[in-house]
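K.L.:
Build me a structure from this.
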Amino acid sequence: MTHHPVTARDEDAPIADLIHPRAISDADRIRFEGYLAEIFTALGLDLSSQATADTPRRHLRALYEATIGYEGDPKLLTAFPTVCHGGANCELAQVVEGPIPYFSLCEHHALPFFGEAWVGYVAHEGIIGISKLTRLVRVVTRRFGVQEQMTHQIADELTRMMEPHGVAVYVEGHHLCTQMRGVRELHPKTRTTAFRGTYTEHAALRSEFFDVAGLRRPA
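P.N.:
The predicted structure follows:
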């Protein structure tokens, strides 16, 4: 593997174009594990037992895996030919996928947040495999970030990749930064939406998106 740290330029680049593995050198890994051991010890964790001696190593590895989205996903680049034949129906027929489970890390506290996402789009000159919608959600969420921003990133990236007539994204999340600390609410749920294209113009289409996704709550 080639070491390729994430840069500010990468953060601004299209997500599907960022395909590069990360790697941590042995020297850096030892140094990072030392920092973690120092922090854990200062906070009260006894690292002298058999059960905890490898906790810094395991924690670093867990963080690495939880942020695997920075490496991209080459299978996101696959698209299929057009299904759009013109006419009004072409701009109204939706593809909706969800719930798509996700796990992410809050960029403010580095604590987990998790939940489910629903993604819909109205195709134009191409369609994307259903599994690609799941891959897109996972590439975007397996990073440090905030739910509000990630919701719009999913919408913007699908718009860039497919150039559809419209995109709708709905995300629900439980944030441990508000459950384990701060206000310590036990059952808060944050809901965010993002709409692009024809969804912004047709309220009925947005309403149908929630119906098709099974998100409509009983009155």
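K.L.:
Where does the prediction get shaky in this protein?
P.N.:
Low-confidence segments of the chain (pLDDT under 70): 1-19, 77-92, 217-219.
K.L.:
quick one, longest helix in it?
P.N.:
The single longest helix within the chain, with elements called by DSSP state H, is helix 26-43.
K.L.:
tell me what that one is packed against?
P.N.:
On a contact count with 3 or more CB pairs under 8 Å, 6 or more residues apart in numbering; DSSP states H and E, helix 26-43 meets helix 55-66. The way it works is simple: take the backbone N, C-alpha and C, and place the C-beta from them, glycine included.
K.L.:
and the gap between the residue most central in space within the chain and residue 28?
P.N.:
Among the residues of the chain, the one closest to the centroid is residue 141, at 1.8 Å (CA atoms, centre = their mean). Distance of residue 141 to residue 28, given as CB to CB, to the nearest Å: 25 Å.
K.L.:
that older thread, identify the residues contacting the residue nearest to the centre of the chain.
P.N.:
Residues in contact with residue 141 (CB atoms under 8 Å, 6 or more residues apart in numbering) are 69, 102-104, 117, 150.
K.L.:
for residue 111, same thing?
P.N.:
So residue 111 contacts 105, 175-177, 180-181 (CB under 8 Å, 6+ apart).
K.L.:
switch to 10 Å and redo it
P.N.:
Contacts for residue 111 (CB atoms under 10 Å, 6 or more residues apart in numbering) come out as 105, 175-181.
K.L.:
taking the residues you listed one by one, which sit in helices?
P.N.:
Counting by DSSP H, the contacts of residue 111 place 176-179 in helices.
K.L.:
Could you dump the residues you listed into a markdown table with neighbour count added?
P.N.:
Output for the ones in helices among the contacts of residue 111, formatted as a markdown table (neighbours: other CB atoms under 10 Å):
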| residue | neighbour count |
| --- | --- |
| 176 | 14 |
| 177 | 16 |
| 178 | 18 |
| 179 | 17 |
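K.L.:
thinking again about what came up before, from the chain's centroid, how far away is the longest helix of the chain?
P.N.:
Distance of helix 26-43 from the chain centroid (CA atoms, centre = their mean, to the nearest Å) equals 28 Å.
K.L.:
Repeat that for stretch 122-137.
P.N.:
15 Å.
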